[in-house]
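J.: One predicted model, sequence on top.
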4 protein chains.
Amino acid sequence: MNFKTYRESLGENGLRIAKAAEEVSGETGICIAVAPQAADLFRVASSVGIPVFSQHVDPEEPGAHTGSITPESLKEAGVSGAILNHSERRLRVDLIEVAVRRCSSLGLLTCVCANTPLAGRAVASFNPDVVAVEPPELIGSGISVSKARPEVVMDAVHLIKGVSGGMHVLCGAGITSGKDVSAAIKLGAEGVLVASGIVKVPEPKKALMDLAEHSIPD
Amino acid sequence: MNFKTYRESLGENGLRIAKAAEEVSGETGICIAVAPQAADLFRVASSVGIPVFSQHVDPEEPGAHTGSITPESLKEAGVSGAILNHSERRLRVDLIEVAVRRCSSLGLLTCVCANTPLAGRAVASFNPDVVAVEPPELIGSGISVSKARPEVVMDAVHLIKGVSGGMHVLCGAGITSGKDVSAAIKLGAEGVLVASGIVKVPEPKKALMDLAEHSIPD
Amino acid sequence: MNFKTYRESLGENGLRIAKAAEEVSGETGICIAVAPQAADLFRVASSVGIPVFSQHVDPEEPGAHTGSITPESLKEAGVSGAILNHSERRLRVDLIEVAVRRCSSLGLLTCVCANTPLAGRAVASFNPDVVAVEPPELIGSGISVSKARPEVVMDAVHLIKGVSGGMHVLCGAGITSGKDVSAAIKLGAEGVLVASGIVKVPEPKKALMDLAEHSIPD
Amino acid sequence: MNFKTYRESLGENGLRIAKAAEEVSGETGICIAVAPQAADLFRVASSVGIPVFSQHVDPEEPGAHTGSITPESLKEAGVSGAILNHSERRLRVDLIEVAVRRCSSLGLLTCVCANTPLAGRAVASFNPDVVAVEPPELIGSGISVSKARPEVVMDAVHLIKGVSGGMHVLCGAGITSGKDVSAAIKLGAEGVLVASGIVKVPEPKKALMDLAEHSIPD
């Protein structure tokens, strides 16, 4: 669950949603990770038992790199991994390679985003733990990728698993309900990326529970 | 004091240096601000009573801006302000204007860096609280701007105060000792930006005390 | 006149518009410069007698800088100057300084764009030959800055001339008719930046003539 | 042959080298393409019969994209293709996909660079005509990739051909002599990328002839 920079998931609000996610995860056994803003990472990671991801990570080494979000700083803050190359924060192809390698060497998980199945196969080349495919035009639209563009999910799964069968494939964009999740799972995705569809609703826990319950294959 | 991404100022190490800075500030009455990495901001800001700055801030509004460091997230983390346009994280001129305006509207201080006196005058146009001029070739060199390039400091003070007399002018690059600070103050600077010269020495508190004692005009 | 990347001003089409501009300039005595795409610069500059500008220039020195548009390459192609920091190609503040200095040293004119009066004052700090202020929200809108936001033009003229009286101030965005130009001149601008309002009309020469005739103060 | 932004390959100098390349190509039957700076593309493409490539291309559509180098402008200038993602001009992964697709649809060839074999496989995902692998630390060094890092060439060929057997694989960095080329061909590369090793020598034609003669497998 990507908190983006929404007011509804900032600071104490974000902590509340992270705790709701922890409860849902505990009750359903479904793995849920949360991705707060950088300045909230320590606060959330030291308060919940589920994986906390950064929304971005820079490849820079420790040193004179003012303003970078280094893998080391994430590790030190108790964070489990990082999202990379989100459609709202695209990266140069060479920097994705270095960032994935540096994160792996520190034991941080990486979830690299891609806007198309071909871009998903491209970033899969760097062996991240997870590749998440999201058509940007559906992000925040409320129209789910798994319903509107099922071929995107299928092609992505096919191409990414073709690079390495062990890589996990997520899909995202427009996902708001359990039905969207079931559809994604049926198409071969192993999970989903969600943001506004959960973060901005009146009862995030209820919405999350709906998603989690539909994540379990029948 | 800019912590950059040095190991010596990350996480618990950074907290220790921040506390040393707090003590030196309390003992000398000199204002010292510390700028940890983004993931450390909450931890440091909730532990010390001196101003804590972010090393960078993005101009984005709350919303769908994955990976951005928003002014709102800094405010929520208890941070006092932000460094902008450091030589290791240069920004587009239009984004500096928006970031300064958004920070000001939230009560966050802004310290905009510049590599030359003309660039200092340029960023002063946006009315930040502080402009810091640092010739990049001297950053991390151990050769202080106030000794090696005194005309840079004088020109910067002259040009920036010409835009607005109320703006504070700092200088930086290569500053390691109290003498460098005295020289800067004599040239018209109101303070200094330091990083490796303090962060990477065996006894940061002692080094800081030397700087602070020389910040007081005779 | 900025050709942008419109089909209507590409290649032979652009050459035709450049020749129309040359005729209008010859008939009215008004200075008109044209800015074709990079790959068209040599073709246009070797065919017309009016100033030809690049739409962008990089600050890089001759050397190993694959893909850069260097000032030397513009000079060699017979180009007179360059637009910098257009709203569709914003630049880092430090790179604007170097690019302006390098162009000046080669005898190339520089026209630096800015989205606001304060940004206009900021870029004026680097002493380009021309500063052009264009509110991005009006670019391509058909609603002229001189009518819709006269205070932007006046503030820009005031602030930029305050840095150096010798700098020329243009305004742009939404300008399509001679009346828009007259209004701009009355507000203190010394000329205008135009693009779609001329490039995309059926008779560019007629439209240009209308603008040129209104550029002469009564 | 990448002209970069060297003085030795600018304007008339570049035209001379392009003509030398044309002669060598005619005499040996080896395909040689030249990549001048953007402002020289029209001049070179209209003077020689060998393929001329741009050093960069932007993915933007015709329209309001000031300063972009569009595929359409290359086509109009008589250019055959474009280098993309050179180590001196790295690109975002999503923009590479769009640029390759847009070039292909206009009949322009694409040569996408990569710094490592994994990055080569990544960009191969977008089906460019050519992938060129160049370890940046050897670029301009005079130490050839085919001698110093043969495993890079072999791994790149293996991984890229694994994505699509029809894709051409070049290698580059530090190549100055015919022996470097023979070594590259033996390792499975189908050609080489050269720059300073030819552009900056006193007799480019002689140096090129040496390379070309060694491009023919025994």
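T.: Okay, I see it. Numbers count the residues shown, from 1 in each chain, chains lettered A, B, ... in the order given.
J.: number of nearby residues for the closest residue to A:Y6 other than its chain neighbours?
T.: Distances taken as C-beta to C-beta, 6 or more residues apart in numbering or on different chains put A:V199 closest to A:Y6, at 5.2 Å, once the chain neighbours are dropped. Any C-beta I mention is one placed from the backbone N, CA and C, and that applies to glycine too. Close neighbours of A:V199, defined as other C-beta atoms under 10 Å in any protein chain shown, add up to 22.
J.: Let me see the contact set for the most far-flung residue of chain A relative to its centre.
T.: Centroid-distance maximum for chain A: A:A64 at 28.9 Å, with C-alpha atoms, centre = their mean. For A:A64, the contact set (C-beta atoms under 8 Å, 6 or more residues apart in numbering or on different chains) comprises B:4-6, B:88, B:139-140, B:195-196.
J.: Out of those, grab the one that's most surrounded.
T.: By neighbour count, taken as other C-beta under 10 Å, the most surrounded of the contacts of A:A64 turns out to be B:K4 (29 neighbours).
J.: Surely it and B:I83 touch.
T.: No: applying C-beta atoms under 8 Å as the test, B:K4 and B:I83 come out as separate, 10.4 Å apart.
J.: between those two, what contacts are shared?
T.: Common contacts of B:K4 and B:I83 (C-beta under 8 Å, 6+ apart): A:66, B:55.
J.: coming back round to it: now, the contacts of A:A64 that are in helices?
T.: Members of the contacts of A:A64 lying in helices (criterion: DSSP state H): B:S196.
J.: In the contacts of A:A64, which has the lowest confidence score?
T.: Lowest in pLDDT among those is B:G140, which has 82.
J.: Does A:K161 lie in a helix or a strand, and which?
T.: A:K161 is part of helix A:150-163 when elements are defined by DSSP states H and E.
J.: cool, and A:I69?
T.: Counting by DSSP H and E, there is no helix or strand that carries A:I69.
J.: and it, what are its phi and psi?
T.: Summarising the backbone geometry of A:I69 under the convention degrees, to the nearest 10, its torsions are phi -100, psi 100.
J.: for the worst-scoring helix or strand of chain A on mean pLDDT, packing partners?
T.: The least trusted helix or strand in chain A, going by mean pLDDT, DSSP states H and E, turns out to be helix A:196-199, with a mean of 88. The criterion is 3 or more C-beta pairs under 8 Å, 6 or more residues apart in numbering or on different chains; DSSP states H and E, and the helices and strands that helix A:196-199 contacts are helix A:204-213.
J.: now stretch A:176-189, how far from the centre of its chain.
T.: Stretch A:176-189 sits 15 Å away from the centroid of its parent chain (C-alpha atoms, centre = their mean, to the nearest Å).
J.: Average pLDDT for that stretch, rounded please.
T.: 93.
J.: For stretch A:197-214, list every residue counted as buried.
T.: A:197-200, A:204-205, A:207-212, A:214 (16 or more other C-beta atoms under 10 Å in any protein chain shown).
J.: same question, stretch A:4-15
T.: Neighbour counts using 16+ other C-beta under 10 Å place A:4-11, A:13-15 of stretch A:4-15 among the buried residues.
J.: cool, stretch A:152-163 as well?
T.: Neighbour-count burial for stretch A:152-163 flags A:152-157, A:159-161, A:163 (criterion: 16+ other C-beta under 10 Å).
J.: With stretch A:168-176 instead?
T.: Applying a neighbour-count criterion of 16+ other C-beta under 10 Å, the buried positions in stretch A:168-176 are A:168-176.
J.: Ok, stretch A:17-26 next?
T.: By neighbour count, and taking 16+ other C-beta under 10 Å as the criterion, the buried residues in stretch A:17-26 are A:17-22, A:24-25.
J.: go on, stretch A:176-184?
T.: Counting neighbours by 16+ other C-beta under 10 Å, the buried set in stretch A:176-184 is A:176-178, A:180-184.
J.: same deal with stretch A:84-104?
T.: By neighbour count, and taking 16+ other C-beta under 10 Å as the criterion, the buried residues in stretch A:84-104 are A:84-104.
J.: Report whether that stretch contacts chain B.
T.: Yes: between stretch A:84-104 and chain B, judged by C-beta under 8 Å from any C-beta of the partner chain, the touching residues are A:86-89.
J.: Report the contact partners of A:L138.
T.: If a contact means C-beta under 8 Å, 6+ apart, then A:L138 has A:144-145, A:148-149, A:173-174 as its contacts.
J.: can you check A:F53 too?
T.: Counted by C-beta under 8 Å, 6+ apart, A:F53 has contacts A:33-35, A:79-83, A:109, A:111.
J.: which of those tops the neighbour count?
T.: Using other C-beta under 10 Å as the neighbour test, those are led by A:A35, with 30 neighbours.
J.: Could you look up the SS state of A:I83?
T.: When the structure is split into helix, strand and coil by DSSP: H, G, I helix; E, B strand; the rest coil, A:I83 lands in strand.
J.: rewinding a little: what is the nearest of the residues of stretch A:84-104 next to chain B to C:A39?
T.: Distances from C:A39 to the residues of stretch A:84-104 next to chain B, taken as C-beta to C-beta, are shortest for A:S87 (30.0 Å).
J.: Now that closest one. Nearest residue, chain neighbours left out?
T.: In space, A:S87 comes closest to A:P136 once its chain neighbours are excluded; the distance is 4.3 Å by C-beta to C-beta, 6+ apart.
J.: Since that was my last question, I'll sign off now.
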